[in-house]
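Undergrad: Output the structure for:
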Amino acid sequence: MNVIKKTIELGDGRTITIETGKLAKQADGAVTVTMDKTVLLATVCAAKDAVAGTDYMPLTVDYKEKFSAFGRFPGGFTRREGKPSDYEILTSRLIDRALRPLFPDNYHAEVFVNVLLFSSDGEDMPDALAGLAASAALAVSDIPFNGPISEVRVARIDGQFVINPTFSDLKKADLDIMVGATIDNIMMVEGEMDEVQEADMLEAIKIAHEVIKQQCKAQTELSEECGKAVKREYNHEENDEELRQKVRDDLYNKVYAISVSGQEKQARTDAFSNLKEEFKAAYTEEELETKGALIDRYYHEVERDAMRRAILDEGKRLDGRKTTEIRPIWIETDCLPGPHGAAIFTRGETQSLTTVTLGTKDDEKIVDDALVYGKERFLLHYNFPPFSTGEAKSQRATGRREIGHGNLAHRALKRMLPPNYPYVIRIISDILESNGSSSMATVCAGTLALRDAGVPMKKPVSGIAMGLISENKGTNYAVLSDILGDEDHLGDMDFKVTGTKDGITATQMDIKVDGLSYEILEKALAQAKEGRMHILGKITDAQPEARPDLKPHAPRIETIIVDKEFIGAIIGPGGKIIQGIQERTGATISIEEIDGKGIVEIAATNKESIDAAMNAVKAIVAIPEVGAVYEGKVASIMPYGAFVEFMPGKEGLLHISEMDWKRLNSVEETGLQEGDPVTVKLLEIDPKTGKFRLSTRALMPKPEGYVEPERPPRPPRDDRGGGRRDDRGRRDDRGGGRRDDRRDNRR
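TA: Residues are numbered from 1 along each chain as shown. Below is the predicted model:
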């Protein structure tokens, strides 16, 4: 067994070890990456040849976490890992976005990358190592790949940049980004920030890149030691250079004319399609069987070149805008009667209809991943139906792209939500039209819908997608604001930036070319800020402030903090008390213990229900006060008095001597029955036993001339019956002088 290892020092006492030749040796490439107790296995397998007719890179990346890695059982009936979690999907996307641009343009064999988490201490974040592991597996294989790459997370904690922070460290960070890069170029950036400045984000990227360079160097050395520096030969494209030139000669000028015409998307798409079909019409069906796919490929090259030349040479974009110009925006808020908040945000041919739903603690999302268990109070779901781009097909399950776009919008908005907000918030963005940057439309529409719902955001957030057209390794370039879908597809960069007037809250960047300089990044960030401020102005014009109050049908929530000893009393045996309050009032009550206190949330759609439930809870947790008057209910009748429930869960003795100013021989003389309402005054709380002494006599006018009778001293125990006289001097013969057990056990 030929095991080869490489060790990378992180500079803070931690080391990363890459090992190959020991596990999964039948894969084309396999490595284990270890940092302390975190162990990942990455494998890569590629088909020997491409599927006929494939003209793209069929790459599949799967990142999976084993619950056993952290000594846990999966949830559910089957007790085994099932469909990937959002975290696993997002990590898979991070790897994919850094790897995909580096496969050769003419390589079309299916490639499958699998990264498995086998061990973790629950502190080190494995997603920061997953990109390194995937690239290292490619490095020790013979699969053609223009890498290696690596990915690192960089966070700013207490003003200091930290590489690959732990889960607990990250909670204190005001900047958290993942950076993917080769030894020469940045390929991918994604993360969230707490209103940081553009210069701070650039500095974080530079620090991450320095660490990535070391990790790329280690992979290159590993590849050489494994003898995999030379990759497999392949031939996945058959070209007809004569046909390629004919397509260019016949169509370039016509395509260029359409590119600078400034037509709308559908008209432009139809014009391009008609050109191609007219060209194909000169060939027979038999000829098109062999040449049709080649014509499509060569036409795409012509369209790409024409669009890029129009921008670089004339500064004209496909829809006629200047490079810094933002498409027209129109906004409508409070546009739906049912949701708690709603807004339509339309920018050019991209439109998001976004709604906000406010919920209670019962609506929290339970997160049950291998390494993370908890609850999420802010949810954002992004939907991209096929009709938004005019496609005639059905909508299936939520795709990875939808999860990724929704996560970006979630990160953009979450730090601007009010702290300790009592409501669970769900935002749904339905994309009704799409022609570029629907995730940024979601951010803008999300801000508007939150403000329409009455959520007091710290500050409004806007977002913009930037593009790039460059040539000669970036010596000639144009940065594009608010890119179209075609500019994303045919361009060199998709750089999304969100933020408030005071700084960036989230970003996502994908680079498709080599040679992106920090100068270009700096210009793109500055231009993005101008665009964000323009869009932010439109948002604040449409919705200057958050709605001052919730909509009438939104749930109202009030919170009361109680001592934790009262939690059980509020819930009651088997939940009897809390369920009874909810049934009587129509309110929803939730309780949790935080820092030794009971946090009680009461929610309802009307104030009357909340007040009724709040009064019921307050009655349970209220502390009885000597001298206070209470409306009670007779719980039981005894020969010597009655026990009265004067507060929920609290009973006291109304002795026969305290029922009236006149002498009573029996309780029956008062007419009291079990269940009768009775008004009582609390006379005394026994400091030793905590028992309550009640009186109705104290609430009656004292008869004129009334003289309190002298009470004789309590006699010693009577030898004849072991009895003891009661307070009125009467013998108690019911049990050797002991008071009734029920009386002793009552409070």
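
Undergrad: in the sheet, who's paired with the residue nearest in space to the middle of the chain?
TA: By CA atoms, centre = their mean, the mean C-alpha position of the chain lies nearest to residue 379, the distance being 5.3 Å. When bridges are called by DSSP bridges, residue 379 pairs up with residue 426.

Undergrad: Show the pLDDT at it.
TA: As predicted, residue 379 sits at a pLDDT of 97.

Undergrad: Pull the contacting residues for it.
TA: Residue 379 makes contacts with 365, 410, 424, 425, 426, 427, as judged by CB atoms under 8 Å, 6 or more residues apart in numbering. For every residue, glycine as well, the C-beta is placed using N, CA and C.

Undergrad: Just the closest of those residues to residue 324, please.
TA: When the contacts of residue 379 are compared for distance to residue 324 (CB to CB), residue 410 wins out at 28.3 Å.

Undergrad: Please work out how many residues are found near the closest residue to the closest one other than its chain neighbours.
TA: Spatial nearest neighbour of residue 410, excluding adjacent residues (CB to CB, 6 or more residues apart in numbering): residue 380 at 4.1 Å. If you count neighbours by other CB atoms under 10 Å, residue 380 ends up with 24.

Undergrad: hang on, isn't residue 380 packed against residue 412?
TA: No: taking CB atoms under 8 Å as the definition, residue 380 is not a contact partner of residue 412, at 9.2 Å.

Undergrad: Common neighbours of those two, please.
TA: Joint contacts of residue 380 and residue 412 (CB under 8 Å, 6+ apart) are residue 446.

Undergrad: and the helix or strand harbouring residue 584, how far from the chain's centre?
TA: Residue 584 is part of helix 576-585 when elements are defined by DSSP states H and E. Its chain's average C-alpha position is 32 Å from that of helix 576-585, according to CA atoms, centre = their mean, to the nearest Å.

Undergrad: Repeat that for stretch 617-632.
TA: 43 Å.

Undergrad: what about that stretch, start to end distance?
TA: 16 Å (CA to CA, to the nearest Å).

Undergrad: Identify the residues contacting it?
TA: The contact list for stretch 617-632 (CB under 8 Å, 6+ apart) reads 560, 562-563, 566, 569-570, 577, 581, 589, 600, 602, 644-650, 677-685, 692, 694, 699.

Undergrad: What about those, which are in helices?
TA: The helices, defined by DSSP state H, take in 569, 570, 577, 581 from these.

Undergrad: Could you report the neighbour count for the third one?
TA: Meaning residue 577. So residue 577, with other CB under 10 Å, has 20 neighbours.

Undergrad: Was I right to think it contacts residue 589?
TA: No: if you go by CB under 8 Å, residue 577 and residue 589 don't touch, sitting 9.9 Å apart.

Undergrad: Mutual contacts of these two, please.
TA: Common neighbours of residue 577 and residue 589 (CB under 8 Å, 6+ apart) are residue 570.

Undergrad: related to what we said a few turns ago, compare the contacts of residue 379 and tell me which has the most neighbours.
TA: residue 427 (26 neighbours).

Undergrad: quick one: contacts for the closest residue to that one other than its chain neighbours?
TA: Excluding the flanking residues, the one nearest residue 427 by CB to CB, 6+ apart is residue 380, at 4.5 Å. By CB under 8 Å, 6+ apart, residue 380 lies in contact with 406, 407, 409, 410, 413, 426, 427, 428, 429, 442, 446.

Undergrad: Next step: those residues restricted to strands.
TA: Among the contacts of residue 380, the members found in strands (DSSP state E) are 426, 427, 428, 429.

Undergrad: any chance of those residues in JSON lines, with pLDDT too?
TA: As requested, those are exported to JSON lines (pLDDT from 0 to 100):
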{"residue": "426", "pLDDT": "98"}
{"residue": "427", "pLDDT": "98"}
{"residue": "428", "pLDDT": "98"}
{"residue": "429", "pLDDT": "98"}
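
Undergrad: These: which two are farthest apart?
TA: Maximum distance among the ones in strands among the contacts of residue 380 (CB to CB): 11.0 Å, for 426 and 429.

Undergrad: what touches both of those two?
TA: 380, 381.

Undergrad: low pLDDT regions in the protein?
TA: For the chain, applying pLDDT under 70 flags the ranges 474, 515, 709-747.

Undergrad: beta partners for the closest residue to residue 510 other than its chain neighbours?
TA: Spatial nearest neighbour of residue 510, excluding adjacent residues (CB to CB, 6+ apart): residue 494 at 4.8 Å. Under DSSP bridges, the beta-bridge partners of residue 494 are residue 467, residue 510.

Undergrad: hang on, isn't residue 494 packed against residue 507?
TA: No: counting by CB under 8 Å, residue 494 stays clear of residue 507, with 11.3 Å between them.

Undergrad: who's more crowded, the two?
TA: Neighbours of residue 494 and residue 507, each counted by other CB under 10 Å, are more numerous for residue 507; the result is 26 against 21.

Undergrad: shouldn't that one be in contact with residue 496?
TA: Yes: contact criterion CB under 8 Å: residue 507 and residue 496 qualify, at 6.5 Å.

Undergrad: Spell out the residue ranges of the helices in the stretch 501-650 of the chain.
TA: Applying DSSP state H, counting those that start in this stretch to the stretch 501-650 of the chain gives helices spanning 518-542, 567-571, 576-585, 607-621.

Undergrad: Reformat those into TSV and put distance to residue 386 next to each item.
TA: Conversion of these to TSV gives the following (distance: least, CB to CB, whole Å):
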stretch	distance to residue 386
helix 518-542	27
helix 567-571	48
helix 576-585	43
helix 607-621	43
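
Undergrad: who's residue 480 bridged to?
TA: Applying DSSP bridges, one finds that residue 480 bridges with residue 467.

Undergrad: how near is it to residue 305?
TA: 17 Å (CB to CB, to the nearest Å).

Undergrad: So these two - more neighbours on which side?
TA: Using other CB under 10 Å, the more surrounded residue of residue 480 and residue 305 is residue 480, with 27 against 16.

Undergrad: What about residue 708, how many residues nearby?
TA: 7.

Undergrad: Next, please give the residue ranges for the strands of the stretch 251-400 of the chain.
TA: Taking DSSP state E, counting those that start in this stretch as the criterion, the stretch 251-400 of the chain carries its strands at 329-333, 341-347, 350-359, 365-368, 373-376, 378-383.

Undergrad: Partner strands of the fourth one and their direction?
TA: Next to strand 365-368 in the sheet, as set by DSSP bridges, lie strand 373-376 (antiparallel).

Undergrad: Not counting its own residues, what contacts the strand it pairs with?
TA: For strand 373-376, contacts defined as CB under 8 Å, 6+ apart pick out 364, 365, 366, 367.

Undergrad: Put the buried members of the residues you listed into a ChimeraX selection.
TA: Of the contacts of strand 373-376, the buried ones go into a single ChimeraX selection, burial set by 16 or more other CB atoms under 10 Å:
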select :364
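
Undergrad: With distance to residue 299 added, can I get the contacts of strand 373-376 in JSON lines?
TA: Formatted as JSON lines, these follow (distance: CB to CB, whole Å):
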{"residue": "364", "distance to residue 299": "52"}
{"residue": "365", "distance to residue 299": "46"}
{"residue": "366", "distance to residue 299": "50"}
{"residue": "367", "distance to residue 299": "47"}
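
Undergrad: Nothing else from me, thank you.
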